[in-house]
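S.K.: Requesting a structural model of the entry that follows:
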Amino acid sequence: MSTFTASSVIEFLGHIEDHGPEAMFRGQSDRAWPLLPSIARFADGLDGYDCISDLEEHLLERFRQFAVPFKDFRKLPIIEQLVHAQHYGLPTRLLDWSTNPLKALFFAIEETRLDSVDGAVYITRPSFWVEGTTHIRELKEFLACFPEVLHERIAAQDACLLVFPLSKDDMLVSELSATSLPNGLDFLHQIVIPAGAKRDLRRQLSVLGVTHRSVFPGLEGTTRWIKSDLSGFAA
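M.R.: Residues are numbered from 1 along each chain as shown. Sure thing, here's the model as predicted:
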């Protein structure tokens with residue numbers, strides 16, 4: 001895995017090569033975090049399930065059951081159920097990425113409680129992918145997906161997805177790494193974001209219009225942006 005370091009937006013953009021419109025970017029506030037979907041982190045240490053595939057089905061079953069008063073997801077394809085469930089915070093097999101490197105950078109520096117640790121932006125490119133969710137019937141293989149705008153955050157975050165296969169034998173999910181790159185991804189690069197640069201990077205991204213208000217549409221994003229702006233990007 002090629003690794004670079006960037007302490008400013010200009011330095012960061014200098015490391016961004018033109019890998020085509022299908023290039024994918026993901027920001028993480030702590031570079032030590034593995035590239036794993038949320039269901040893998042949720043399942044860690046969880047008892048009562050024979051395999052992680054069963055856990056996902058139980059989570060979706062409960063989501064479909066209790067979401068009906070707000071929105072009926074029962075007739076949607078599984079992939080679309082997962083996209084909506086992920087949006088509302090349910091652990092899923094999906095790992096969020098973006099086609100916009102600056103928005104990925106935002107996610108690497110937005111959490112002020114993690115200003116003491118280095119963040120990272122990852123870059124990859126799928127060799128094959130699916131446009132939209134209409135033709136996805138099964139989720140047996142590792143898959144890159146550029147979904148329809150199923151909710152407002154997909155548009156705001158220029159979101160795309162990596163879909164991880166889930167085992168029917170155990171609770172393990174394979175971490176995405178350069179040494180175990182799944183079939184379908186051409187490479188994996190990392191840009192390290194030093195802890196000491198995070199606050200200034202929030203300021204620089206704000207000048208470019210990449211803030212909580214633009215990335216998280218709605219009142220929650222607006223209030224988080226107000227706090228960040230009025231605190232001098234310390235909150």
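S.K.: Could you use CA atoms for every contact and neighbour count after this?
M.R.: Fine.
S.K.: Would you report the backbone torsion angles of Asp50?
M.R.: With angles defined as degrees, to the nearest 10, Asp50 sits at phi -80, psi -30.
S.K.: That one against Asp169, yeah?
M.R.: Yes - in this structure, Asp50 is within contact of Asp169 by Cα atoms under 8 Å, at 7.0 Å.
S.K.: what residues does the one helix or strand Asp229 maps to touch?
M.R.: Element membership for Asp229 (DSSP states H and E) is helix 219-230. For helix 219-230, contacts defined as Cα atoms under 8 Å, 6 or more residues apart in numbering pick out 211-216, 233-235.
S.K.: List only buried entries from those.
M.R.: Buried by 16 or more other Cα atoms under 10 Å: 211-216, 233-235, out of the contacts of helix 219-230.
S.K.: Tell me which of these fall in strands.
M.R.: Among these, no residue falls in strands (DSSP state E).
S.K.: residue boundaries of the helices in this structure?
M.R.: In the chain, the helices defined using DSSP state H lie at 9-14, 38-43, 52-67, 78-87, 101-109, 152-156, 198-207, 212-215, 219-230.
S.K.: would you turn those helices into CSV with mean pLDDT and distance to Leu95?
M.R.: Shown next, in CSV, are these (pLDDT from 0 to 100; distance: least, Cα to Cα, whole Å):
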stretch, mean pLDDT, distance to Leu95
helix 9-14, 98, 22
helix 38-43, 96, 7
helix 52-67, 97, 14
helix 78-87, 95, 9
helix 101-109, 98, 13
helix 152-156, 94, 13
helix 198-207, 98, 23
helix 212-215, 96, 17
helix 219-230, 95, 21
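S.K.: Highest mean neighbour count out of those helices?
M.R.: Comparing those by mean neighbour count (mean count of other Cα atoms under 10 Å), helix 101-109 comes out on top with a mean of 24.
S.K.: outside of it, which residues touch it?
M.R.: With Cα under 8 Å, 6+ apart as the criterion, helix 101-109 contacts 16, 24-30, 97-98, 115, 119-121, 157, 193, 198-199, 201-202, 205, 210-211, 215.
S.K.: Recalculate using a threshold of 6 Å.
M.R.: The contact list for helix 101-109, computed with Cα atoms under 6 Å, 6 or more residues apart in numbering, reads 25-29, 119-120, 198.
S.K.: now do stretch 172-183
M.R.: Identification of contacts with stretch 172-183 by Cα under 6 Å, 6+ apart yields 1, 35-36, 188.
S.K.: how long is that stretch end to end?
M.R.: 18 Å (Cα to Cα, to the nearest Å).
S.K.: So for Asp47, what's the pLDDT?
M.R.: pLDDT recorded at Asp47 is 88.
S.K.: re earlier: from the contacts of stretch 172-183, which is closest to Gln65?
M.R.: Using Cα to Cα, Leu36 comes nearest to Gln65 of these, at 26.6 Å.
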